[in-house]
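Trainee: sequence and computational prediction follow.
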Amino acid sequence: MRLLHTMLRVGNLEKSLAFYCDLLGMRLLRKKDYPGGEFTLAFVGYGEETDHTVLELTYNWGKDAYTLGDAYGHIAIGVDDIYATCAEIADRGGKVTREPGPMKHGSTVIAFVEDPDGYKVELIQLGTQGSAKAEQAQAVGA
């Protein structure tokens with residue numbers, strides 16, 4: 001397992017990209033609009049997602065501000081078998097708050113678990129996330 005990304009909700013995606021990319025020296029790795037869900041995801045980091053943990057900036061269309069406490073979204077951990085991992089977590093007394101399956105408006109296979117303080121941890125099936133190639137393969141049934 002490895003840490004994949006941390007998600008932050010942002011009120012102005014362009015200002016956030018300028019901050020993380022121009023001020024902090026990250027680069028925009030990928031960006032995608034999800035019209036059905038009315039949100040945009042932008043991933044920024046210091047290296048490719050295959051080798052580095054990155055930030056996911058989520059802009060929910062029409063929402064320009066957040067209360068500080070709800071700006072934090074989740075951390076993400078890549079797993080080889082999301083179904084077995086969730087079963088093991090549940091068997092050991094952990095709380096699975098979203099069973100494994102494709103994300104809404106996308107093809108990445110995800111699940112969510114909750115830590116003892118209520119923080120969300122997203123589990124992502126490795127090989128299904130992030131690339132247009134993976135989404136195209138799933139779309140054609142490969």
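Mentor: Now that the structure is in, tell me what you want to look at.

Trainee: so what's Arg2 up against?
Mentor: Applying CB atoms under 8 Å, 6 or more residues apart in numbering to Arg2 gives the contacts 53, 77-78. All C-beta spots, glycine's among them, are computed from the backbone N, C-alpha and C.

Trainee: what pairs with it across the strands?
Mentor: Arg2 has these beta-bridge partners by DSSP bridges: Gly78.

Trainee: ok so, going back, out of the contacts of Arg2, who's the most crowded?
Mentor: Sorting the contacts of Arg2 by how many neighbours each has (other CB atoms under 10 Å) puts Gly78 first, at 19 neighbours.

Trainee: what distance do you get for that residue to Tyr59?
Mentor: Distance of Gly78 to Tyr59, computed by CB to CB, to the nearest Å: 24 Å.

Trainee: quick revisit: can I get the contacts of Arg2 in a markdown table with distance to Val96 and pLDDT?
Mentor: Converted to a markdown table, the contacts of Arg2 look like this (distance: CB to CB, whole Å; pLDDT from 0 to 100):
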| residue | distance to Val96 | pLDDT |
| --- | --- | --- |
| Thr53 | 23 | 95 |
| Ile77 | 14 | 91 |
| Gly78 | 17 | 91 |
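
Trainee: and which of those is nearest Lys63?
Mentor: The shortest approach to Lys63 among these belongs to Thr53, at 25.5 Å (CB to CB).

Trainee: pLDDT wise, what is Val129 at?
Mentor: You called it Val, but residue 129 is Gln. pLDDT, Gln129: 77.

Trainee: and it, that one's in a strand?
Mentor: No - when the secondary structure is assigned by DSSP: H, G, I helix; E, B strand; the rest coil, Gln129 falls in coil instead of a strand.

Trainee: and Leu17, what element?
Mentor: Taking DSSP states H and E as the definition, one finds Leu17 inside helix 13-17.
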